[in-house]
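A.B. asks: Fold the following, please.
(chains A and B)
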Amino acid sequence: MFEANTLAVIFVSLMGLSILLYAILDGYDLGVGILLPLDQPDECDTMIASIGPFWDANETWLVLAIGLLLIAFPAAHSFIFKELYLPTALLLISLVLRGVAFDFRAKAAFSHKPTWNKVFKAGSLLAALSQGYMLGMYVMGFENTLMAYGFSLLSAFGVAAAYSYIGGAWLIMKTEGSLQIQAVQWAKKSGWICFFGIVAVSIVNPVINTEVYIKWFSWPNIIYFLPLPIIGFLLFAVSNQQLKYLPKQNDKDCWLPFVTAVMLFIVCFFGLAFSFFPYIVPGKLTIWQSAAAPESLSFILWGAIVVVPVILSYTAFSYRVFWGKVRELRYY
Amino acid sequence: MLETLMLSRLQFAANISFHILFPTITIALSWFLFYFKFRFDQTGDPVWMRAYRFWVKIFALTFAIGVVTGITMSFQFGTNWPKFMETVGNIAGPLLGYEVLTAFFLEAGFLGIMLFGINRVSARVHTLATFIVAIGTSLSAFWILALNSWMQTPQGFEMRDGVAFPVDWLAIIFNPSFPYRLMHMVVASGLTAAFLIAGISAYRLLKGDDKQAPKLTLKIALTVAAFLTPVQIFIGDLHGLNTLEHQPQKIAAMEGIWHTEKGAPLLLFAIPDEENQRNNFEIGIPKLASFILTHDLNGEIKGLNEFENYPPVAPVFYAFRIMIAVGILMLLISWFSRLQLWRGKALSPWLLKILVAMSFSGWLATLAGWYVTEIGRQPWLVTGVLTIKEAVTDIAPENVGFTLVMYLILYAVLMTAYLHTIFTMASRAIEIEEISDDEKIKRPISITAPLNPTIK
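C.D. replies: Predicted coordinates:
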């Protein structure tokens, strides 16, 4: 059996893993949605085909992340979502619109397709913006100040740019020809915006949160944490360099930007996670204060130990089945 | 101005009512699809593949709406009903968690292969993916109904400082009302999908689509419907008896019995008058309610007067009658149509039109049934543990009102688009369903093989 304190740490790690996987996986498919060039219907088809078999499973990581928060830290769940009531509703509505647009655009009368493409793009953008806004409010400790709102807006655009960046990188890997050349440009531009967003969050976060400041800049922590920003900068420089020379002959290295983007996401995630641990609501609730009963957590943990590896392996199988450049999406 | 409690209830009702429509179709439609695909693998007869292709698209659309509207649910608990998770989260949490872990991922993980992977994996793996998706949808029903049933008839827990702690997980999952509710819902899903398939196939026949596939799917759907309707009536009766044992106040509201009665009549119609605790304009069959519920013409049924807390009577009373009426209609229509086919007759245009009208009858019955059981649980959220009043949020009513209106507009748009798209797909099926040239090369034998000769 596990001890209550250990269980809280295990569950916050599981939740962290789901959030990270969600940000990477739904990140690229939301990004593809944001980048949709509405005036080029054929490219729209190809782009959406590249995420078709995956978007549904990608979104399930959000359900798991929110589910784990609800199950393992119910007090934090109700605190956070009461504070973020309206942005949450906006996020949900945009996710709904985007999800259904994916199916309607392929099945409704042909004349409606451009409309559903617009809905898909708008839904993707709004979902990314509201997630970024929620992240910003979280970092700002849910303050109701002008500065908090301003920062959250900045964070909204930062996250939308980050998703576009990883979406662009995904397209470089999955497409060819003129679309791939466009994708390189998209990844470059949104990469820069994303970079400034990350720098802004990294500066503002320790400045406004004293605890975060102490954690990062006290001795000897600074030695342990310093690699994170350094690796982050290096990754960004590498990505920028890669994008200059893509696409190459025989499509060599087309997968590199995506891998780099994933690594950048991982670094950012750990930066945020270290800043706030062990708090689950910054400055207010720790994971130990809000954890559910150990008997409930162990009951679900045994299931998770068995099921999560299975999920990861059939997810990998699905990516293998749809490996390589995107083909036209057909139901047969 | 409506208060937060009422607005939160309306919002939850709107969200869950809209959401449940889509899983109700997909839980059973996935098994129909597995059957079509399995038969295709067995026989090589292209008609099975055409049936599969047409319905897998409707499945994909329905499934997508189910998934995205379901995400809303996992946020709702925290935003609008914070005390729910704080009080019974130790029990509700793991059940929801197992649903996500064992069902959602299974469905979502294999859906991609099921929908788009038919040319990328072997026939066997593709059929297996279809099978796994069907398992996933059923598992999802298992966990969510375990939780709902536990909220109706809770057991296997203890209260410490106002918080529920699990004692016996098997008792929690297999609580008294669970087997009945699960069976009732799974069969409801079967009927919903069967009438949808029958209705849309009938629509195609009416549009002059004389392909084999809609005739075949019509026949299969009617067979399933004719078989499942009596089964459902039987399960419903058992479920009712179980409710009488564990939630007698719900039965009293369903039957409109205000005062304890011996030889109670079965009310076909009445207008319950909450204020004066009586019914107006009663039309009933004497002693039948007592007979059905106690199997004794003069059996005693407890009236609402015996209970300190009881649900609002009118909505439960009416919803129950709507469900029963739809059920009887389903029984008559499925048996009559299936009998016609059995006697080798083609279905007449007016019968086809009735089937088209019945396409979404499953939705009506399912919703009505859920309203009976959910409103019938009031004022409790978890029977004997937590009332809805205690569980509600303190968010400003304006905010809840605002999001409620947003959701309602969204749902109206989605429903219009969904129905429009399904009927568009059905009318276009005639143009797009021909077998392609490469298919002829791939399966030369099946083209010359005779189509199932029994389909008229």
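A.B. asks: From here on, just use CA atoms for contacts and neighbour counts.
C.D. replies: Fine.
A.B. asks: can you give me the helices in the stretch 101-250 of chain B?
C.D. replies: Here the stretch 101-250 of chain B has its helices, by DSSP state H, counting those that start in this stretch, at B:105-116, B:123-152, B:169-173, B:178-206, B:212-246, B:248-255.
A.B. asks: Now do the top helix by length along chain B: which elements does it pack against?
C.D. replies: Longest helix in chain B by number of residues (criterion: DSSP state H): helix B:4-43. Under the contact definition 3 or more CA pairs under 8 Å, 6 or more residues apart in numbering or on different chains; DSSP states H and E, helix B:4-43 sits against helix B:46-80, helix B:123-152, helix B:178-206, helix B:361-375, helix B:397-432.
A.B. asks: can you give me the angle that helix makes with helix B:178-206?
C.D. replies: 70 degrees (axes from the mean of the first three to the mean of the last three CA atoms, to 10 degrees).
A.B. asks: For the residue in the stretch 101-250 of chain B that chain A sits nearest to, which non-adjacent residue is spatially closest?
C.D. replies: Closest contact between the stretch 101-250 of chain B and chain A, by CA to the nearest CA, is at B:G112 (4.0 Å). Nearest non-adjacent residue to B:G112, counting by CA to CA, 6 or more residues apart in numbering or on different chains: A:P53, 4.0 Å away.
A.B. asks: ok, the one you found to A:Y245 distance?
C.D. replies: Distance, A:P53 to A:Y245, by CA to CA, to the nearest Å: 30 Å.
A.B. asks: Compare the two (neighbour count), which wins?
C.D. replies: Ranked by neighbour count (other CA atoms under 10 Å in any protein chain shown), A:P53 and A:Y245 place A:P53 first, with 25 against 10.
A.B. asks: which ones are touching that one?
C.D. replies: Neighbouring residues of A:P53 by CA atoms under 8 Å, 6 or more residues apart in numbering or on different chains: A:322, B:111-113, B:115-116.
A.B. asks: Then A:L272?
C.D. replies: With contact set as CA under 8 Å, 6+ apart, A:L272 has no partners.
A.B. asks: Phi and psi next, for it.
C.D. replies: phi -70, psi -40 (degrees, to the nearest 10).
A.B. asks: can you check B:G384 too?
C.D. replies: According to degrees, to the nearest 10, B:G384 has phi 80, psi 0.
A.B. asks: which residues touch it?
C.D. replies: Contacts of B:G384 by CA under 8 Å, 6+ apart: none found.
A.B. asks: B:M6 now?
C.D. replies: B:M6 neighbours (CA under 8 Å, 6+ apart): none.
A.B. asks: how about B:D394, secondary structure?
C.D. replies: coil (DSSP: H, G, I helix; E, B strand; the rest coil).
A.B. asks: Compute the distance between B:T229 and B:L347, please.
C.D. replies: Where B:L347 is concerned, B:T229 sits at a distance of 20 Å (CA to CA).
A.B. asks: now do A:I266
C.D. replies: Distance, A:I266 to B:L347, by CA to CA: 62 Å.
A.B. asks: before we move on, the earlier item: B:T229 and B:L347: who's more crowded?
C.D. replies: With neighbours defined as other CA under 10 Å, B:T229 and B:L347 compare such that B:T229 has more, 23 against 18.
A.B. asks: Please produce TSV containing the helices of the stretch 101-250 of chain B, extended by mean pLDDT.
C.D. replies: As requested, the helices of the stretch 101-250 of chain B are exported to TSV (pLDDT from 0 to 100):
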stretch	mean pLDDT
helix B:105-116	85
helix B:123-152	92
helix B:169-173	93
helix B:178-206	94
helix B:212-246	91
helix B:248-255	86
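A.B. asks: need those helices in JSON lines with distance to A:F317, can you?
C.D. replies: What follows is the helices of the stretch 101-250 of chain B, written out as JSON lines (distance: least, CA to CA, whole Å):
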{"stretch": "helix B:105-116", "distance to A:F317": "9"}
{"stretch": "helix B:123-152", "distance to A:F317": "12"}
{"stretch": "helix B:169-173", "distance to A:F317": "32"}
{"stretch": "helix B:178-206", "distance to A:F317": "30"}
{"stretch": "helix B:212-246", "distance to A:F317": "32"}
{"stretch": "helix B:248-255", "distance to A:F317": "48"}
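A.B. asks: Among those helices, which comes closest to B:L355?
C.D. replies: Checking the helices of the stretch 101-250 of chain B against B:L355 by CA to CA gives helix B:178-206 as the closest, at 4.8 Å.
A.B. asks: doesn't A:S78 make contact with A:S290?
C.D. replies: No - taking contacts as CA atoms under 8 Å, A:S290 lies outside contact range of A:S78: 10.6 Å.
A.B. asks: Of the two, which one has the most company?
C.D. replies: The neighbour comparison of A:S290 against A:S78 (other CA under 10 Å) goes to A:S78, with 27 against 20.
A.B. asks: check which helix or strand covers that one.
C.D. replies: Under the criterion of DSSP states H and E, A:S78 resides in helix A:74-83.
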